Structures are given as C-alpha cells and as structure tokens.
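Engineer: here's a sequence, model it:
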Amino acid sequence: MPLRRHENSEQWPSPFPIPQFSYDVELRLVKGNEVYRQNGTLLDVSREMKSNILNAICKSVFSYKAYPTKNELALVAAELVKKHPCLKDPSMGTCYDSWTMSLFYKVGNYRHKLKEAGCSEVSVNRRTPGKDGGKRLKRAKRCEVNFLPDIPAGQCQASLQLEKAALMEEMKKRHHNSTFISAKMEMTFSLRRKEIVDEEPLVADVLTQWPALFLEEQVYLEFYRITGVPLKDTFFSSLDEYAPKIIKLYRSRSGAFGEDLKSLLDKLDQKTTNVVLHRKTTALQGLPVFMRENTNSLFKSCLDTDVEDSNLRGTQMGILSVIEDDGATADTVNGNVRCFSVIIEEHIVVDDLPDLPTALALLFGLIYALNLKYPDELKYTFETLQKVFMHLDTNLSARVLSFRNKMLRM
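Structural biologist: Numbers count the residues shown, from 1 in each chain. Down below sits the predicted model:
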C-alpha cells in the first residue's frame with residue numbers, strides 16, 4: 001500500500017468525502033433520491049448493492065485510518081445518508097444507525113482481508129500461538145497517516161537492508177551528503193517503521209542503527225512522512241500566533257499557580273534583548289505549570305562544565321539547558337545559556353540547539369519518529385502541543401480544552 005498523503009492537517013476529514021460507487025449503483029441512487037424527494041419513499045437496497053456501497057466506503061476509510069473509531073464511522077454513515085437520503089433507516093433514531101453498524105463490521109472484515117494479504121499496518125497485530133494475546137494493540141493513536149507502511153514496490157527486506165547499510169556508512173563521514181541521506185531515509189522508511197513499531201527497541205539502539213534519524217532536518221522529514229503535517233512550519237506558526245495570548249493568560253492567572261509561574265514571568269520581564277524569543281520560550285516553559293504537571297521533569301539545566309550522566313539519570317524525555325560556567329549557578333536568572341539538548345531515555349539524542357522552542361519541536365517530532373508514549377506526568381502538556389499547536393486531532397481533554405478556550409479569548 002502506498003504512503004498516505006493529505007493536503008490538509010486533519011487526520012479525519014469533516015465532512016467525510018463519500019466515494020463514487022459503481023455505475024449501476026450510482027444510477028439506482030440517483031433515481032432513488034428523486035423518488036424520495038417526491039414522496040419520501042426509501043430505496044429497497046439489495047444485498048449486492050449494499051455490499052458494493054460498504055466495500056467502496058471501507059477502501060476510502062482505510063486511506064485515512066486502519067482503525068477508525070465507532071464515532072468516526074457514525075460520521076461517515078451520516079454523510080452517506082445526507083448525500084443519498086433514499087438510504088435512510090426506516091426506523092426512528094439517527095436515520096443511519098444500521099449503516100454505522102454495517103460499516104463497523106465491514107471495516108473489521110476488510111482489515112482481516114488486508115492482514116491475510118500481508119498489509120504491515122494490520123498484520124503487526126496478528127496473534128501468534130503461544131504468545132500473549134492481550135498485548136497492546138499497535139495502531140495509530142495520534143493522527144499518524146503512515147503508521148506502519150508496506151515495503152515500496154520493487155523493493156524487498158534484503159534490498160532495504162542494503163540501503164540502510166549505505167546510509168550508516170554515509171553517517172560515518174565527517175561531512176554528510178544531505179541529499180543522499182534524505183533519499184535513503186525516504187527509501188528505508190517502511191523498514192525503519194517496522195523495526196521501531198514492531199520490535200520497540202531502546203532509543204540507544206535506534207541511535208546506533210539509525211543515526212540519521214536524529215539529524216534536525218531528518219526529524220522534520222520523518223514527522224511529515226508519518227503525519228503528512230510539516231512540523232517546523234506548523235509548530236512555529238502556532239507559536240508565533242499563540243505566544244502573546246499565552247503570556248497574557250499567564251499574567252491574568254499567575255496568582256493561582258504559586259511561585260513557579262510568577263518566577264517565569266519575572267524572568268521574562270528582566271529580558272531587554274531578543275524579547276520575542278524569550279516570550280515564546282516562557283510560553284512553552286509555563287505549559288506544564290499551567291497544566292499542573294511537573295515542569296522539572298521536562299525542563300532541566302546544568303553548567304557546560306558539568307554535562308554528566310548524573311544530569312541525565314532518570315530523565316525519560318526532556319530539554320536540557322546548558323549554561324556557561326562563569327561562576328553562576330545552573331538555575332540563576334541571568335545565566336547565559338550556551339545551547340539546548342534533547343534527552344530521551346537518559347541519552348542526549350540531539351544537541352547544540354540554538355533555542356528552547358526548536359528543542360521542544362524536535363522532542364515532539366522524535367516522540368512520533370520513535371513511537372513513544374507521552375510521559376504520564378506530562379500528558380496534558382504534550383496533548384496541548386499535539387492538538388492545539390500542531391492541530392493533530394480535535395478531541396481535546398477537558399483540561400486542554402479549557403486552556404485553549406481561555407487562551408484564545410485573550
């Protein structure tokens with residue numbers, strides 16, 4: 001199956017585009033809709049006709065998601081009877097309940113056929129005799145449009161391993177050929193996703209096997225392959241728009257969040273240069289505070305003479321501010337930050353970054369690239385980045401929805 005590509009950033013389109021059916025079915029629907037508008041008579045749908053409709057819709061659904069929710073299928077059914085009112089349910093209710101249930105079972109059957117045909121995105125969940133049948137279902141949960149793609153036409157596992165070896169050799173050179181790396185990363189995408197999703201390796205192992213994945217440009221490209229959304233453009237565009245509103249929100253509510261939020265705002269007020277960047281940085285640093293989560297587990301700091309394992313120990317994921325050792329302490333207000341680093345599973349995976357927004361964008365991109373779960377103690381912070389900043393999914397938790405609505409009113 002080819003990679004899914006979408007022009008917009010929405011994982012599930014609204015309204016859902018009902019596909020064109022076979023010629024004879026479309027002809028019957030046109031005549032049925034005319035009769036319905038004249039006297040309200042519903043169309044008598046034959047078993048063959050219903051199967052044709054359901055099959056066409058299933059293929060269209062799968063182009064967006066392999067595992068749609070029942071609510072999403074209900075939206076599809078609603079659009080179906082809206083476009084073809086002669087297909088409404090004769091019973092009371094929503095007028096499309098039976099179509100929702102039919103789609104639910106048909107999509108399940110369609111997945112089974114694809115699994116038997118070897119489709120990677122569904123066959124990864126095949127139960128193996130003797131193994132635990134209750135393991136976590138491996139499927140897209142954060143609006144990934146290419147969660148586990150199949151091997152490209154003309155390639156095989158062995159040929160992709162050769163491409164991977166060539167990519168690793170290129171990464172050993174002092175000066176990388178970025179065009180060569182991008183081409184090989186694109187070609188080996190399906191192999192990389194299979195290893196990461198199916199085998200769930202440690203990040204240290206991914207660093208060894210796929211070092212190019214941690215280059216800044218490749219994080220952006222990988223995120224686009226997975227979601228169809230440009231990470232850098234979307235994140236920074238949202239930050240440009242929201243940062244002033246977020247700072248206003250923080251100032252209006254600082255008394256309700258103790259000293260943590262007040263301290264961030266005081267530091268911002270002391271800045272006299274590059275104020276716009278500091279405003280964006282403060283807006284992001286304040287998110288865990290406003291979400292009543294542990295900001296210290298996400299944002300850490302150390303002196304550039306003390307970047308040791310002790311500063312990384314216990315850090316599942318976070319941003320490390322490396323501060324120049326000029327006699328100041330690591331948490332001083334006036335400390336001069338030399339650079340920022342991204343930490344995942346106690347390893348610095350990207351370093352020498354110029355600012356905190358860039359570091360946080362790359363951390364978010366790597367969460368998708370490495371198929372990582374949001375830390376429980378920061379789940380609302382990352383949900384905000386995903387759904388408010390990146391516009392990936394419109395189903396917001398109550399806490400994030402409250403933040404978004406308050407922020408937009410500023």
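Engineer: just give me the neighbour total for the closest residue to residue 176 other than its chain neighbours.
Structural biologist: If the residues on either side of it in the chain are set aside, residue 176 comes closest to residue 170, at 6.2 Å by CB to CB, 6 or more residues apart in numbering. For every residue, glycine as well, the C-beta is placed using N, CA and C. Here the number of neighbours of residue 170 (other CB atoms under 10 Å) works out to 16.
Engineer: repeat that for residue 314.
Structural biologist: Using other CB under 10 Å, the number of residues around residue 314 comes to 9.
Engineer: for it, what are its contacts?
Structural biologist: Residues touching residue 314, when contacts are defined by CB atoms under 8 Å, 6 or more residues apart in numbering, comprise residue 346.
Engineer: repeat that for 10 Å
Structural biologist: 297, 346 (CB atoms under 10 Å, 6 or more residues apart in numbering).
Engineer: give me the distance between the residue nearest to residue 176 and residue 178.
Structural biologist: Residue 170 is 10 Å from residue 178, where distance means CB to CB, to the nearest Å.
Engineer: mutual contacts of these two, please.
Structural biologist: Contact with both residue 170 and residue 178 is made by residues residue 212, according to CB under 10 Å, 6+ apart.
Engineer: could you check how far the residue nearest to the spatial centre of the chain is from residue 287?
Structural biologist: For the chain, residue 142 is the residue whose C-alpha lies nearest the centre (CA atoms, centre = their mean; 4.4 Å). Computed as CB to CB, the residue 142 to residue 287 distance reads 18 Å.
Engineer: likewise residue 396?
Structural biologist: Counting by CB to CB - residue 396 and residue 287 are separated by 14 Å.
Engineer: compare neighbour counts for these two and give me the winner.
Structural biologist: A side-by-side neighbour count of residue 396 and residue 287, using other CB under 10 Å, places residue 287 first with 23 against 18.
Engineer: per-residue confidence for the nearest residue to the more buried one once chain neighbours are set aside?
Structural biologist: Residue nearest to residue 287 in three dimensions, not counting chain neighbours: residue 381, with 4.9 Å by CB to CB, 6+ apart. At residue 381 the predicted local distance difference test score is 97.
Engineer: before we move on, what about residue 67?
Structural biologist: Model confidence at residue 67 (pLDDT) stands at 83.
Engineer: so it sits against residue 107, correct?
Structural biologist: Yes. Using CB atoms under 10 Å, residue 67 is in contact with residue 107, at 8.5 Å.
Engineer: these two: which is more packed in?
Structural biologist: Set side by side, residue 67 and residue 107 show unequal neighbour counts under other CB under 10 Å, the larger going to residue 107 at 23 against 18.
Engineer: can you tell me the closest non-neighbouring residue to that one?
Structural biologist: Skipping the residues right next to it in sequence, residue 107 comes nearest to residue 58 by CB to CB, 6+ apart, at 5.5 Å.
Engineer: report the contact partners of that neighbour.
Structural biologist: Residue 58 sits in contact with 19, 68, 73, 76, 103, 106-111, 113-114, where contact means CB under 10 Å, 6+ apart.
Engineer: how about 7 Å then?
Structural biologist: Contacts here follow CB atoms under 7 Å, 6 or more residues apart in numbering; on that basis residue 58 touches 106-107, 110.
Engineer: could these go into JSON lines alongside secondary structure?
Structural biologist: Formatted as JSON lines, the entries for the contacts of residue 58 read as follows, by DSSP: H, G, I helix; E, B strand; the rest coil:
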{"residue": "106", "secondary structure": "helix"}
{"residue": "107", "secondary structure": "helix"}
{"residue": "110", "secondary structure": "helix"}
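Engineer: mind putting the residues you listed into JSON lines with pLDDT?
Structural biologist: Formatted as JSON lines, the contacts of residue 58 follow (pLDDT from 0 to 100):
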{"residue": "106", "pLDDT": "90"}
{"residue": "107", "pLDDT": "89"}
{"residue": "110", "pLDDT": "86"}
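Engineer: spell out the secondary structure type for residue 246.
Structural biologist: Following three-state DSSP, residue 246 is assigned to helix.
Engineer: quick check, the residue nearest to the centre of the chain in a helix?
Structural biologist: No. If the criterion is three-state DSSP, then residue 142 is coil and not within a helix.
Engineer: now it: how far from residue 241?
Structural biologist: Using CB to CB, we find residue 142 at a distance of 22 Å from residue 241.
Engineer: repeat that for residue 212.
Structural biologist: Using CB to CB, which is the criterion applied here, residue 212 is 32 Å from residue 241.
Engineer: more neighbours, those two?
Structural biologist: Applying other CB under 10 Å to residue 212 and residue 241 shows that residue 212 carries more neighbours, namely 23 against 12.
Engineer: the more buried one touches residue 185, doesn't it?
Structural biologist: Yes. Residue 212 sits in contact with residue 185 when judged by CB atoms under 7 Å, with a separation of 5.8 Å.
Engineer: who touches both of the two?
Structural biologist: Counting by CB under 7 Å, 6+ apart, the shared contacts of residue 212 and residue 185 are 167, 218.
Engineer: so which elements touch the helix or strand containing residue 98?
Structural biologist: Element membership of residue 98 [criterion: DSSP states H and E] is helix 97-117. Identification of packing neighbours for helix 97-117 by 3 or more CB pairs under 7 Å, 6 or more residues apart in numbering; DSSP states H and E yields helix 47-62, helix 70-83, helix 120-123.
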